[in-house]
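J.: quick one, what's the 3D model for this:
(chains A, B and C)
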Amino acid sequence: MPVDTRFYERRGTLSLGELAEKTGAELRGDAQIELTGISSAANGRRGDIGFLDGDGKSPSDVSTDISALVVNEANIPHVPEGVPYLVSRFPRHVQSVAGAALFRPRHADWQGEARISPDASLDDSVRIGPGACIGPGAVIGSDTVIGPNAVIGPGVQIGRKCSVGAGASLFNALIGDHVKLLAGVRIGEAGFGVMPGPHGAEDAPHYGRVILQDHVTVGANSCIDRGAFDDTILGERCRIDNLCQIAHNVVLGRSVLVAAFGGISGSVQVGDGSMLGGRVGIADHVKVGEGVSLAASAGLFRDVEAGETWGGTPAKPIRQWMREVAWLQKNSNPKKKG
Amino acid sequence: MPVDTRFYERRGTLSLGELAEKTGAELRGDAQIELTGISSAANGRRGDIGFLDGDGKSPSDVSTDISALVVNEANIPHVPEGVPYLVSRFPRHVQSVAGAALFRPRHADWQGEARISPDASLDDSVRIGPGACIGPGAVIGSDTVIGPNAVIGPGVQIGRKCSVGAGASLFNALIGDHVKLLAGVRIGEAGFGVMPGPHGAEDAPHYGRVILQDHVTVGANSCIDRGAFDDTILGERCRIDNLCQIAHNVVLGRSVLVAAFGGISGSVQVGDGSMLGGRVGIADHVKVGEGVSLAASAGLFRDVEAGETWGGTPAKPIRQWMREVAWLQKNSNPKKKG
Amino acid sequence: MPVDTRFYERRGTLSLGELAEKTGAELRGDAQIELTGISSAANGRRGDIGFLDGDGKSPSDVSTDISALVVNEANIPHVPEGVPYLVSRFPRHVQSVAGAALFRPRHADWQGEARISPDASLDDSVRIGPGACIGPGAVIGSDTVIGPNAVIGPGVQIGRKCSVGAGASLFNALIGDHVKLLAGVRIGEAGFGVMPGPHGAEDAPHYGRVILQDHVTVGANSCIDRGAFDDTILGERCRIDNLCQIAHNVVLGRSVLVAAFGGISGSVQVGDGSMLGGRVGIADHVKVGEGVSLAASAGLFRDVEAGETWGGTPAKPIRQWMREVAWLQKNSNPKKKG
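T.: I've put the predicted structure just below:
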C-alpha cells in the first residue's frame, strides 16, 4: 500500500546509490534506480524499496513490481533475478533511512498558535469544544462533535455524526460515520516494534493508517496503533471498551466486542461477531475465526476456528479449561481425593 | 433515580403514542400517557418509561409508580395490570429513543472559544492551569487546583481542596472534598454496554453519574464510568492506582484500595476496607464483602464473604489456590514425584 | 537525595519543636534543631528528618548525617545515640507534615492564561503544537517537538531531538536526548502508596523525580510515576509499549523492553536487555537480572537471575511452567489418561 500523502509529505526522491552511500550498505545493481516509496517486500509497487530480514529459511514473497530490496546476507539467495539490491546487516534500518529521506510526517510540522487550522475542512454543523485542535488538511463531516481539548491531526478524515471525547487524539486515521471515540482515546500512534540498528535497538517506522468503519465505538483511554506499511482496521459496529490496546496491522471484522483491558497484538485477525471478555490477550499474528468467544482473562497464543469458545492461559477450548480447573481443585485437595 | 438535569437538559415531553409511532412498537394502553423520564423497571417514578427484556424467566420487579413499560413478547405476562406498554423486539432500543427525545446531554452542546464558561461558579481561591476548560454550570469549591488542559464538563460539582491533574476530564460527576484526580483520569464517560437494535448492536445509553466521596484518590489514566440509570459511587478514602477501570454502576465502600490495572466490571459491589492487588479483575454483578483481600492477578467470578483472602483465576480462597499451585508443581515434576 | 528545588519551592525552615507542636508528636531531644529537608532514614543528609516505621524487627539503616527522626514506639530502640527524635503512632504522617511545611510543589502554583511561560527556556528550533502548555523553569533542547495540548510542567528538562505526543504530560522529570513519548503518556505523577494517618489512610508523599535516559520510547497512555524520595529511572534505549505502568522508584537498566499492559511495581529493579512480554506484572521490590525474558501474562513475585526465561502466575522457569501446563492437560483428560 503506498504511503498516504495526506499524512506524509513527499520530500523528493532518492536513488539506490544515494541510499547505499548514506547507510554504508553494499550496492548490487543499478545505482540510478529511483526510489519513491517504501513497502513490505510482498506488497511493493514500482518505485518502492522493500526488505528481507531474518535467517532466510522462510523467505517472504517479493512483489514483481518492486524496484529494489535491501537484504541481509542470509537473504541474498531470495532476491529475484533482475531486482537491484543493497546488502546490510540491518536491512530494516536501511529501509527506514530511505523512508525518512522520502517522507516527512505532517504531524511533526504542525505548530503555532492556530488551534483550528484554516486548511481544515469542517462542515458548518460541526461542534467544536474549547481547546480542541484541528490540523491542516483534516476533514470533518456534518453533525460531528469534537470534545474540549481533543486533537485531530493533519489530514485526518472524520465522517458524519461522530463524537470525539475530551482530550482524545487522532493521527493518520480515516474514520467513518457514527463513530464514537470516548475521552482520552489514542488513535494512530506508531506501533511497538523494535528492530536492530547500528547503534542498538531502534523503533520500527510506521507509515500505515488506522481505519475505523461506521458505528465503531472506542472506550476511554484505549489505544489503536497505526499499521507499519498496511492499515489497522476495525470493521463496522466494533465495540471496544476502556483501556484496550489494538496494535499495528490488526484487522477486526464487523461487530467484534472487546471488553476492558483487551490486548490485541500486532497483525492479529479477528472474525465478525467475535467477543473478547475482560483482560483477554491475543499474541501477534494469531487468527481468530468468526463468532468466537474468549472468556475473561484468556491469553491466546494459537489460531481459533469459527464458533469456538476458549478460556485460560494459554487458552484452550473452554470445556477443557474448566475440566482442568475442576480436576486440579479436586485432586489437590487432601480431604476429597481419597 | 431521576435523570440529573445538571447534566441532561430536558427537551420536552413525549406521549406513549408518539413513541410507538417513532419506533414502530405496538401500543397497548393509553396513547396519551405523557412520558417525562426513563429508568429501570424497578426504580421508575411517575412519568418514567422502563423496559423488560430477556426470556422472561426471571423478570425484574416493576415499580408501582412507573407510568409505562416497553417489553418484548416474552415479558408481556410480567406487565402489571393497568400499566400501559409497548411491545417491541428491541425494548431497550425503544426506551433509548424515548431518552433521546426527552433529554439532551449538556456536554454535547459545549462549544466555542470560551475555555472557562461565564456560567461556571468558581470560588475565588480556585487555581486554574493554562488550557483548562470549565463548562457552563460547573461549580468548584475553595482551594481546589485544576491542572493544565484539564476538562471539567458542564454541571460537574467539585468540592474544596481537590486537585485535578493535567489533561484529566470529568463529566456527569459530583466530587467531594480533598479528592485527588491524577493526570489523564477519565471520570463519567458512558459505560460499556451493548444492546440489540433494529440495525445491529447499539451502545446502551448512560444517564447516571459518578459520585466520588471525600478524600478519594484516583491514579493517572484511570477510568470511572458513569452509571446507566443509577450512579457509580466510590466511598470516602478509596484509593485507586493508575490505569484502573471502574465500570458503570459499581459501588465501592469506604477505604477500598485498588492497585494498578484493577478492573471492576459493571454493577460490582465492594465492601469497606477491601484491598485489590495489581491486575485484579472482578466479573460483573459480583458482591465482595468488607475487608476482603484479593491477591495480585486474581480473576474473581463469584461473591466473596467479608474478611476472606482469595487469589488465582478463577479466584478461590488463597490457601486453596496456593495448595493447588504447590501440588501441581510437585506432581508434574518427574524427579520429585516418585 | 535532596528534594529538587526545580520542582519543589523551598518555603523556609521548621524546628523539630515546631513539628512536634503541629502534629502532637512527643519530642525527645533538642527542640531547636532546624529541619530543612526530608528523606528516607538511610539516605538523610544534614537538615533532613527521616522516619522509622513498622514493627522494628528489621530496622532500616540510619544515615549518620541525618538531623532528626520520627519513629513509632517499636522503633525507639533503633534511634542512634544523639539523634533527636519525635515519637508518634504515625511517623510517616508526621514526616509528611514536615514535607508540606518545607516544600511547595511548583506545579500546584502553575496557573493563569500564559500557555508558554516566559520563564521557560526553549531552543529556537523547538516546535510547539497548538494548545501545548510549558511551565516556568522548563528547559527544552534543540529540534524537540512538543505535540498539541501536551503539558510540560515547571522545571522539567527535555533534551534534544525528542518528541512529546499530543495530550501527554510531564512533571518532575529529567528527559535525555532522542526520547519519544507518545500521546497521552503520564510522566512524573505521584506514586501509589498509602500510609496510616490520624484520620485514616493517606497518600504517601512523593518528592522524587523521573529520569528517562537517551533514546527511551514510551507508548501511548503509559504512566511512569516519580519516586518517593529517590528517582524512578529508565536506562538508555528502554522501550515501553502502550498502556504500561512503571511505579515509583523502579530502576530499569539499558534496553529493557516492556510490551503492552506491563506493570512494574514500586522499587523493582530490572537488568539490562531484559524483555517483558505483554501483560507481565512484577511485584514490588523484586529484582530481575540482565537478559531475562518473561513470557506474556507472567506474574512475577520473586527475584530472577540473569539470563533466565520465566512464565506463568506465579512465574517460574518457563520449562517448568510448560511442563505443568502439559501435565495438567494430559492428566485431567479422561480419555488420554488411562
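J.: burial count for residue A:332?
T.: Residues within reach of residue A:332, counting by other Cβ atoms under 10 Å in any protein chain shown, total 19. Quick note: C-beta positions are derived from backbone N, CA and C, even for glycine.
J.: enumerate every residue touching the closest residue to it other than its chain neighbours.
T.: Of all residues not flanking residue A:332 in the chain, residue B:327 sits nearest, at 3.7 Å (Cβ to Cβ, 6 or more residues apart in numbering or on different chains). Counting by Cβ atoms under 8 Å, 6 or more residues apart in numbering or on different chains, residue B:327 makes contact with A:328, A:331-332.
J.: same deal with residue A:180?
T.: Contacts for residue A:180 (Cβ under 8 Å, 6+ apart) come out as A:162-163, A:216-218, B:203.
J.: equivalent analysis for residue A:70, please.
T.: Residue A:70 neighbours (Cβ under 8 Å, 6+ apart): A:19, A:25, A:49-52, A:85-88, A:91, A:94-95, A:98.
J.: where exactly do the helices run in the stretch 201-338 of chain A?
T.: Ranges of helices within the stretch 201-338 of chain A are A:318-331, A:334-337, based on DSSP state H, counting those that start in this stretch.
J.: gap between residue A:206 and residue C:219?
T.: According to Cβ to Cβ, to the nearest Å, residue A:206 stands 12 Å off from residue C:219.
J.: who has more neighbours out of those two?
T.: Applying other Cβ under 10 Å to residue A:206 and residue C:219 shows that residue C:219 carries more neighbours, namely 30 against 23.
J.: ok, and the closest non-adjacent residue to the more buried one?
T.: Leaving out its chain neighbours, the residue that sits closest to residue C:219 by Cβ to Cβ, 6+ apart is residue C:242, at 3.7 Å.
J.: give me the three-state assignment for residue A:17.
T.: Three-state call for residue A:17 (DSSP: H, G, I helix; E, B strand; the rest coil): helix.
J.: give me the nearest residue to it, chain neighbours excluded.
T.: residue A:31 (2.9 Å).
J.: residue A:20 should be in a helix, yeah?
T.: Yes. Counting by three-state DSSP, residue A:20 is part of a helix.
J.: quick one: pLDDT of it?
T.: The model reports residue A:20 with a pLDDT of 98.
J.: now do it against chain C, distance only.
T.: 25 Å (Cβ to the nearest Cβ, to the nearest Å).
J.: and that residue, what is it in contact with?
T.: Taking Cβ under 8 Å, 6+ apart as the criterion, residue A:20 is in contact with A:26-27, A:31, A:86.
J.: and if we set it to 10 Å?
T.: Counting by Cβ atoms under 10 Å, 6 or more residues apart in numbering or on different chains, residue A:20 touches A:26-29, A:31, A:70, A:86-88, A:94.
J.: again, but for residue A:326
T.: By Cβ under 10 Å, 6+ apart, the contact set of residue A:326 is residue C:332.
J.: ok, now residue A:195?
T.: Counting by Cβ under 10 Å, 6+ apart, residue A:195 touches A:51, A:53, A:90-93, A:95-96, A:201-205.
J.: figure out the helix or strand that it lives in.
T.: In the assignment (DSSP states H and E), residue A:195 maps to strand A:194-197.
J.: what's the local residue count around the closest residue to residue A:301 other than its chain neighbours?
T.: Spatial nearest neighbour of residue A:301, chain neighbours left out: residue A:283 (4.6 Å); criterion: Cβ to Cβ, 6+ apart. For residue A:283, the tally of surrounding residues (other Cβ under 10 Å) stands at 20.
J.: nice, that's everything, thank you.
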